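# when you get a sec, could you give me coordinates for this:
(one chain, ligands or ions: 1)
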Amino acid sequence: MKHYTSIYDIDNINSWIEEAKAIKTNPFKHIQLGKNKTLGLLFFNSSLRTRLSTQKAALNLGMNPIVMNVSGDAWGIEFGDGTVMNGSTAEHIKEAAAVVSQYCDVIAVRAFPTLKNKAKDESEQVMNAFKKYASVPIVNMESATGHPLQGLTDALTISEYAKVTKPKVVLSWAPHIKALPHAVANSFIQAMQKMDVEFVITNPEGYDLNPEITKNTPIYHNQEEAFKNADFVYAKNWSSYEDYGKVNKTDSNWMITKAKLGGAKFMHCLPVRRNVVVEDAVLDSDSSLVIEQANNRTYAAQLVLKKLLEDL
Ligand code: CP
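A predicted model of the protein is given here:
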């Protein structure tokens, strides 16, 4: 594997899940693999889980992680081709990516969307520029349209906690006060489409996600209908895709409650706003898998880094 920037970089999700479980059982087995190798983590946006779990994954493989908050700490990076750089940007991605490639054997990047310019966001300008101008593998730590480390984590978690051969998994939109990206939902959808699960999406009208991602996955605009016989409910807010980046609905009718959840397990990528997205009674119950999910971030990242190191 040259890069890990999309769920579509996973050739066989079942074998990846089995390998991730093996890593979880014996996390230091491959500690020699990353000896004298450096992982650079570049954050254009905030993070808790991704930042720490990806560093921990690197350490478990014997790698040396180095971290930079690009927005604020680094020179402003220009991504446009042929730009006259007499504005706020001081360094072009051509030089920046080439320079960081000399310090790092793998570069991991987090860069969120604008949620204002759909075409720009869908071009994955930052991630693709790193792929183009860096000379080392690139890992997507959440980009404009995808969060494949989270999607792999979620697939692993569902595999661990499934009690039936083909569980019913529901991705449910939930309310939020801010305009949030589509990346987590997109990668979760792509991961579930690769798995042997009964998968449906539920969201209010006006919140259907990119049809090129949802494909033929059933979409319910009635949450109660979608939740029937669910084994897993994965909650996530996203801003409107149709009315791009807008927050047109914030009422609490779509919040996940214990009554709605029934016997299903609750999942969320975190961070989560309590009693806005999901009520305390869910998060504080045995139904919640959110802490287990966050733990699995390490092993998903470790599997990805292992595969990249093996192919260096
Ligand atoms: N789930 C997730 O990516 O968390 P952070 O934004 O804290 O990294």
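# so which elements touch the longest helix along the chain?
Longest helix of the chain, by residue count under DSSP state H: helix 290-310. Under the contact criterion of 3 or more C-beta pairs under 8 Å, 6 or more residues apart in numbering; DSSP states H and E, helix 290-310 touches helix 13-25, helix 49-60, strand 106-110, strand 138-140, helix 148-161, strand 265-267. In short, each C-beta sits where N, CA and C put it, glycine included.
# right, is it up against the ligand?
No: Helix 290-310 stays clear of the ligand (C-beta under 6 Å from any ligand atom), getting no nearer than 7.1 Å.
# before we move on, what about stretch 178-196?
No: judged by C-beta under 6 Å from any ligand atom, stretch 178-196 stays clear of the ligand, getting no closer than 7.0 Å.
# may I see the buried residues of that stretch?
Neighbour counts over stretch 178-196 (16 or more other C-beta atoms under 10 Å) mark 179-195 as buried.
# cool, stretch 227-246 as well?
Result for stretch 227-246 [16+ other C-beta under 10 Å]: buried residues 227, 230-241, 244-245.
# so which residues of the stretch 1-150 of the chain form helices?
Ranges of helices within the stretch 1-150 of the chain are 13-25, 49-60, 70-73, 93-103, 118-122, 125-133, 148-161, based on DSSP state H, counting those that start in this stretch.
# can you give me the neighbour number for V164?
By the criterion of other C-beta atoms under 10 Å, V164 has 9 neighbours.
# quick check: residues of the stretch 101-250 of the chain near the ligand?
So the stretch 101-250 of the chain meets the ligand at E142, Q150 (C-beta under 6 Å from any ligand atom).
# isn't V100 right up against I107?
Yes: using C-beta atoms under 8 Å, V100 makes contact with I107 at a distance of 5.8 Å.
# shared neighbours, those two?
Taking C-beta atoms under 8 Å, 6 or more residues apart in numbering as the criterion, V100 and I107 both touch G40, L42, A134.
# hang on, isn't V290 packed against R274?
No: when contacts are counted by C-beta under 8 Å, V290 is not listed as touching R274 (11.0 Å).
# identify the contacts common to the two.
L283.
# so between these two, which is more surrounded?
Higher neighbour count among V290 and R274: V290, with 19 against 11, using other C-beta under 10 Å.
# for that one, which non-adjacent residue is closest in space?
Nearest non-adjacent residue to V290, counting by C-beta to C-beta, 6 or more residues apart in numbering: H268, 5.1 Å away.
# can you tell me the number of residues neighbouring the one you found?
Residues lying near H268 (other C-beta under 10 Å) number 24.
# for the one 3 residues further on, same thing?
Residues lying near P271 (other C-beta under 10 Å) number 12.
# before we move on, what about T54?
27.
# quick one: it from the ligand, how far?
For T54, the distance to the ligand equals 9 Å [C-beta to the nearest ligand atom, to the nearest Å].
# what do you get for A162?
A162 sits 21 Å away from the ligand, taking C-beta to the nearest ligand atom as the criterion.
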